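S.K.: next comes the sequence, and after it the predicted model I'd like to discuss.
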Amino acid sequence: MAIHDIEYRVIKPNPELSDFVESFWMLANHSDEEQEVIILPDGRIDIFFSISATEPYHVTLLGLESEPGKSTILPNTVNFAISLKLLAVEYVLDTHIAPFLNTASDLPADFFGFTANDLQDFSEFCAKASDTMAARLDRNIDERKRKLFDLIYTTNGAIPVKELSETVSWSSRQINRYFNQRFGISLKAYCTILRFRASFQHIKEGKLFPEQNFADQAHFIRDVKKYAGVAPKELSRNQNDRFIQFSTLPKS
């Protein structure tokens, strides 16, 4: 897919990693001009492996977003990325990302054993990343957490916190402490972001009414404005492809 000289590809993880990895993707700007874009909250943690004509190879961790953020795709840039689900933060990365809410952090240039040479072939990158994460994976997983995240992702955040708590036998107070300490955001806020993300395709198609368990039209508009900075109609229009996640959505 090419949008104004922007190339985008995505590969889904193998079943072994599906609880931890949302996708592998690449984004390349083949032009000599930078492109200003807006990044919308989508509930993912991204690890970027990047190189450009003006910047050396580097690796960046982008934490969760709770608000829209501006970014620039530099000219002649290649980005390979791993989009992680939250369970990976504890069981693959063994870290906390709370300090990186709405911000990014530089990682060591040799993170996961990659170098600039690994940005030559996207399929080989995905295979190497999969092998690396499978080897790092802590398989002693708290089943309450596995079940919790499975419910959250399969329903796009539609289940109320109280019901989630009762279903996984884990108090809502403990869950929220875990979310705030580990990820920097409450479970309720995270579920709202997932519902927002699940509405992307509908909004792109011009369906400007809630289809993802928003309380009503007013709540839907309020949350879209909160997470996109604009009303649903303007988001759907996506002038100049500035909302990059909308530009990369498949055509209906």
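M.R.: Thanks, I have the structure now. Numbers count the residues shown, from 1 in each chain.
S.K.: which parts of the chain are helices?
M.R.: 87-91, 122-136, 143-154, 161-168, 172-183, 187-198, 200-204, 217-228, 232-237, 244-247 (DSSP state H).
S.K.: let me have these in TSV, extended by mean neighbour count and distance to Ile45.
M.R.: Every C-beta, even on glycine, is put in place using the N, C-alpha and C of the backbone. Below are the helices of the chain laid out as TSV (neighbours: other Cβ atoms under 10 Å; distance: least, Cβ to Cβ, whole Å):
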stretch	mean neighbour count	distance to Ile45
helix 87-91	21	6
helix 122-136	16	13
helix 143-154	16	13
helix 161-168	15	20
helix 172-183	15	8
helix 187-198	20	12
helix 200-204	19	18
helix 217-228	17	17
helix 232-237	18	23
helix 244-247	19	15
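S.K.: need those in a markdown table (columns: distance to Glu33).
M.R.: Below are these laid out as a markdown table (distance: least, Cβ to Cβ, whole Å):
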| stretch | distance to Glu33 |
| --- | --- |
| helix 87-91 | 34 |
| helix 122-136 | 23 |
| helix 143-154 | 37 |
| helix 161-168 | 45 |
| helix 172-183 | 36 |
| helix 187-198 | 29 |
| helix 200-204 | 25 |
| helix 217-228 | 25 |
| helix 232-237 | 22 |
| helix 244-247 | 15 |
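S.K.: let's have the ones you listed in JSON lines, adding distance to Phe114 and mean pLDDT.
M.R.: Output for those, formatted as JSON lines (distance: least, Cβ to Cβ, whole Å; pLDDT from 0 to 100):
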{"stretch": "helix 87-91", "distance to Phe114": "17", "mean pLDDT": "97"}
{"stretch": "helix 122-136", "distance to Phe114": "7", "mean pLDDT": "97"}
{"stretch": "helix 143-154", "distance to Phe114": "26", "mean pLDDT": "97"}
{"stretch": "helix 161-168", "distance to Phe114": "35", "mean pLDDT": "96"}
{"stretch": "helix 172-183", "distance to Phe114": "25", "mean pLDDT": "97"}
{"stretch": "helix 187-198", "distance to Phe114": "27", "mean pLDDT": "94"}
{"stretch": "helix 200-204", "distance to Phe114": "29", "mean pLDDT": "88"}
{"stretch": "helix 217-228", "distance to Phe114": "31", "mean pLDDT": "90"}
{"stretch": "helix 232-237", "distance to Phe114": "34", "mean pLDDT": "92"}
{"stretch": "helix 244-247", "distance to Phe114": "23", "mean pLDDT": "85"}
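S.K.: cool, thanks, signing off.
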